[in-house]
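Student: Generate coordinates for the sequence data below:
(2 chains)
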2 protein chains.
Amino acid sequence: MDSTISTHDRSRCADRDANDPLAGFRSRFLLPDGVVYLDGNSLGPRPVGAAERAAGVIEQEWGEGLIRSWNTAGWFELPRRLGDKISRLIGGGDGEAVVTDTTTLNLFKALSSAVRIQQQDAPGRRVIVTERDNFPTDIYIAEGLADLLNSVGGGYEVRLIDDELSLEAALDDDVAVVSLSHVNYRTGSMWDMASVTAQIHDAGALAIWDLAHAAGAVPVALNAADADYAVGCTYKYLNGGPGSPAFIWVNRRHQNRFWQPLSGWWSHARPFAMADGYEPDNGAGRFLCGTQPVISLATLECGLDIALEVDEAELRAKSLALTDLFMELVEERCAGHGLKFITPRGHEDRGSHVSVEHPQAYAVVSALIERGVIGDYREPGAMRFGFTPLYTSYTDVWDAVEHLRDILDTRAWEAPEHQRRNAVT
Amino acid sequence: MDSTISTHDRSRCADRDANDPLAGFRSRFLLPDGVVYLDGNSLGPRPVGAAERAAGVIEQEWGEGLIRSWNTAGWFELPRRLGDKISRLIGGGDGEAVVTDTTTLNLFKALSSAVRIQQQDAPGRRVIVTERDNFPTDIYIAEGLADLLNSVGGGYEVRLIDDELSLEAALDDDVAVVSLSHVNYRTGSMWDMASVTAQIHDAGALAIWDLAHAAGAVPVALNAADADYAVGCTYKYLNGGPGSPAFIWVNRRHQNRFWQPLSGWWSHARPFAMADGYEPDNGAGRFLCGTQPVISLATLECGLDIALEVDEAELRAKSLALTDLFMELVEERCAGHGLKFITPRGHEDRGSHVSVEHPQAYAVVSALIERGVIGDYREPGAMRFGFTPLYTSYTDVWDAVEHLRDILDTRAWEAPEHQRRNAVT
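Tutor: Predicted coordinates:
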């Protein structure tokens, strides 16, 4: 044991686990034996009960209820009911969110809706601001909307910013809307939602927050921050299952005013009247579009119900303790191997994952995965590790760093199987 | 027995069942006891194996494989692999279709793409033609696109037609694209895809076909008809499960040319390069957008694999025999009750469902459902019955009509419980 020269050792990690107020949540998830799972920021694990819930939907609701389940099993209300549950997790109220479609599509709806409001209130504002290092799809969809509008002379521009300074510089009188990720998918850095939203509003623009790496990971207070729109993913920290549908939240002040072009039957005020004119529902239901995958919605509810039991302050405290521990251990035990954190150190500046650059990052991650320590790789050159307080222990962090140290010490990443890239990285 | 005065009786129906080449497919589906299911045109029943497949995805792929399943379980290829399977069912080739999102969203992509091609080739063409009695969402989404473009002066118009005559009249030099449902959701009437596509092309427009009530129900030959785009639903005649994702097909001549604004990471040429510029994939993959619900994709494959075993000519022959039988029996045995078919009688003019108007249609359907004969109601005033050859027998048709006759003879629909409307009709 190195405890004489270190502030940490494995037994101290075990002591912290024994005193962890969230330790009981680990039994709510089914994780494979021998795995330290540090990729819950990409795909959360399976909650206990998810398989049974899916089986119930398939065997009873679909199998026996058939088409009647739209009424008897509440399928029609599911996107709104789950939306209310998510809204509670992100500082919203009932009727302010729905679960539907994908984050990308919901961002298109939010951007379209914000652009339309500005066309009415401040028609000269035709710039969409977003981040150069945002999750790429968030940039693509802004480009897609601008491209569509510009095909008929819209004059829209997507303006990319790099940091707080360039945001300040970008916020001129042309800006209609600013679309930011609350926590960056790659670096884990986090914007201060309240102050940045105020800054955007002061500049006359609307604020959209992508909560993909924030919802279920850090405290989010949309109404307190007076955000305009938010979108996000449910299969990461909310443990909804692979590809479970995304959410969209809208501030009540825009609810019955906003418009979005992806107008399908599920957002109609009277969806079964089969009217040939579109008449949008009031409230967040206006963001619904076509028929949603019911089985994937049902497994999502298993994840949400767990998240609703968690004390947000305890979650954040453990998240910061785990990420602090990881960074300290890497510095102590992997020194001299050229690792470089790209995640900020300050608590107020980061979410619940930590990214580390290394010249052989891909191969090192591959070697870690072979040993059951599952993180992931993100271009360019970053290992990414998510620390999810509900099922990650302090000893998990210790063990992960020991494997990392051993792989670096022994150059295990040089093995040919770790040098080959998969199609999906 | 009424066999002396009728061309049909129950024992003759049983004889036809005994000689039905498709009879063996009934055992591939799990239907509740005591149900005659005539709503597979709205939600197909559960294939044998779907629950096991979902359990495998949840327990092994999600539960054990976790994030690794993007590679090891082939999640990344799933929308393309299922797209190839569907393409074979609708007269397309490999690489021409993907399974993703919803029919509504895919129609938005197809319309946007067609509009963009016309902006390049014939910029004056700014009319989108669709049907007044189309499934309403098909109209709403065309209005949504036009509204978005017109917000910056696009000058687009949605023009509604009623029939072949008004289509002919509508096809002037302003028309960019025509969006039609191959089989109408309400009446069951069917367009001749080949001749109508040729007519649309002759007028300089592009043709989009919504196959929601056609795929798996009637023979569809997209390439033979030289269609431009097709979209459709997978939870009806393809038995994919509640809300299973939809498909989109594109003619090879447009494949590497077309553009659509819902540009997400899954359609990027190098999705894991995390490039900040959007660079679309070649082929139908260009229509992908965000992360799809994997469990719902997996159950869909169970339905598709059954459909791929079916001989298309046998399917169509039985579909017409079942619908002919139903119409003849209703005329013979329910005469004098004011029923009126709104489905055309000619074989070439209709799909695989039959709709009947009655002043008390909603209450009659409700009384039928109580007896286990499940059809549905569509505004205004129509009972709709789907005849799905894979699991519907000739005796099912007989029994359904006998219940209908009895409900009408005894005025069972007058019971208070049948006069109350559910929220979802």
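Student: which helices and strands sit right next to the top strand by length along chain A?
Tutor: Ranked by residue count under DSSP state E, the longest strand found in chain A is strand A:175-181. When contacts are defined as 3 or more Cβ pairs under 8 Å, 6 or more residues apart in numbering or on different chains; DSSP states H and E, strand A:175-181 packs onto helix A:103-121, strand A:127-131, helix A:136-150, strand A:206-210. In short, each C-beta sits where N, CA and C put it, glycine included.
Student: Export the ones you listed as CSV, with columns for mean pLDDT.
Tutor: Converted to CSV, the helices and strands packed on strand A:175-181 look like this (pLDDT from 0 to 100):
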stretch, mean pLDDT
helix A:103-121, 97
strand A:127-131, 98
helix A:136-150, 96
strand A:206-210, 98
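Student: can you list the residues of the stretch 201-350 of chain A near chain B?
Tutor: A:233, A:235, A:241-246, A:259-265, A:268, A:272-278, A:289-297, A:299 (Cβ under 8 Å from any Cβ of the partner chain).
Student: Pick the most buried one from the helices and strands packed on strand A:175-181.
Tutor: Ranked by average neighbour count under the criterion mean count of other Cβ atoms under 10 Å in any protein chain shown, the helices and strands packed on strand A:175-181 are headed by strand A:206-210 at a mean of 28.
Student: Specify the angle between that strand and strand A:127-131 in degrees.
Tutor: Going by axes from the mean of the first three to the mean of the last three Cα atoms, to 10 degrees, strand A:206-210 is angled at 30 degrees with respect to strand A:127-131.
Student: got a list of contacts for strand A:206-210?
Tutor: Residues outside strand A:206-210 that contact it (Cβ atoms under 8 Å, 6 or more residues apart in numbering or on different chains) are A:103, A:107, A:110-111, A:114, A:117-118, A:134-135, A:138, A:176-182, A:193, A:196-197, A:200-201, A:222, A:227-232.
Student: ok, back up a step: pull the CA atoms of the longest strand of chain A into PDB?
Tutor: Provided in PDB are the C-alpha atoms of strand A:175-181 (Å, rounded to 0.1, in the frame of the first residue of the first chain):
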ATOM      1  CA  VAL A 175     -28.600  37.400 -33.000                       C
ATOM      2  CA  ALA A 176     -31.900  35.600 -32.800                       C
ATOM      3  CA  VAL A 177     -31.100  32.600 -30.700                       C
ATOM      4  CA  VAL A 178     -28.200  31.100 -28.900                       C
ATOM      5  CA  SER A 179     -28.000  27.300 -28.600                       C
ATOM      6  CA  LEU A 180     -25.500  26.000 -26.000                       C
ATOM      7  CA  SER A 181     -24.800  22.600 -24.400                       C
END
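Student: What are the buried residues along whichever helix or strand comes after that strand?
Tutor: Once strand A:175-181 ends, the next helix or strand along the chain (criterion: DSSP states H and E) is helix A:193-202. Neighbour-count burial for helix A:193-202, with 16 or more other Cβ atoms under 10 Å in any protein chain shown as criterion, is recorded at A:193, A:196, A:197, A:199, A:200.
Student: other SSEs contacting helix A:193-202?
Tutor: Packing contacts for helix A:193-202, counted by 3+ Cβ pairs under 8 Å, 6+ apart, involve helix A:164-170, strand A:206-210, helix A:222-225.
Student: Could you list every helix and strand that the longest one packs against?
Tutor: For helix A:164-170, the contact count by 3+ Cβ pairs under 8 Å, 6+ apart identifies strand A:127-131, strand A:157-161, helix A:193-202 as packing neighbours.
Student: ditto for the shortest one
Tutor: Judged by 3+ Cβ pairs under 8 Å, 6+ apart, helix A:222-225 is in contact with helix A:193-202.
Student: ok, residue A:369 touching residue B:67?
Tutor: No. Under the criterion of Cβ atoms under 8 Å, residue A:369 makes no contact with residue B:67, lying 9.0 Å away.
Student: Could you check which of those two has the larger neighbour count?
Tutor: With neighbours defined as other Cβ atoms under 10 Å in any protein chain shown, residue A:369 and residue B:67 compare such that residue B:67 has more, 25 against 18.
Student: Kindly provide the distance from the more buried one to residue A:41.
Tutor: For residue B:67, the distance to residue A:41 equals 10 Å [Cβ to Cβ, to the nearest Å].
Student: Pull out the buried positions in stretch A:259-269.
Tutor: A:259, A:260, A:261, A:262, A:263, A:264, A:265, A:266, A:267, A:268.
Student: where's the dip in pLDDT among the residues you listed?
Tutor: Ranked by pLDDT, the buried residues of stretch A:259-269 bottom out at residue A:259 (80).
Student: my read: residue A:158 touches residue A:143, true?
Tutor: Yes. Counting by Cβ under 8 Å, residue A:143 is a contact partner of residue A:158 at 5.4 Å.
Student: residues shared between the contacts of these two?
Tutor: With Cβ under 8 Å, 6+ apart, residue A:158 and residue A:143 have no common neighbours.
Student: sorry, back to before: and which of the buried residues of stretch A:259-269 is nearest to residue B:189?
Tutor: Closest approach between those and residue B:189, by Cβ to Cβ: residue A:265, at 20.3 Å.
Student: if you skip the residues just before and after it, what's nearest to that closest one?
Tutor: In space, not counting the residues next to it along the chain, residue A:265 is nearest to residue B:137; the distance is 4.1 Å by Cβ to Cβ, 6 or more residues apart in numbering or on different chains.
Student: quick one: contacts for that neighbour?
Tutor: Residue B:137 neighbours (Cβ under 8 Å, 6+ apart): A:263, A:264, A:265, A:290, B:103, B:104, B:107.
Student: Mind checking which of the residues of the stretch 201-350 of chain A next to chain B are buried?
Tutor: Applying 16+ other Cβ under 10 Å to these flags A:233, A:235, A:241-246, A:259-265, A:268, A:272, A:274, A:276, A:278, A:289-297, A:299 as buried.
Student: Please tabulate the helices and strands packed on strand A:175-181 in JSON lines, including the columns distance to residue B:400.
Tutor: Output for the helices and strands packed on strand A:175-181, formatted as JSON lines (distance: least, Cβ to Cβ, whole Å):
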{"stretch": "helix A:103-121", "distance to residue B:400": "40"}
{"stretch": "strand A:127-131", "distance to residue B:400": "55"}
{"stretch": "helix A:136-150", "distance to residue B:400": "47"}
{"stretch": "strand A:206-210", "distance to residue B:400": "50"}
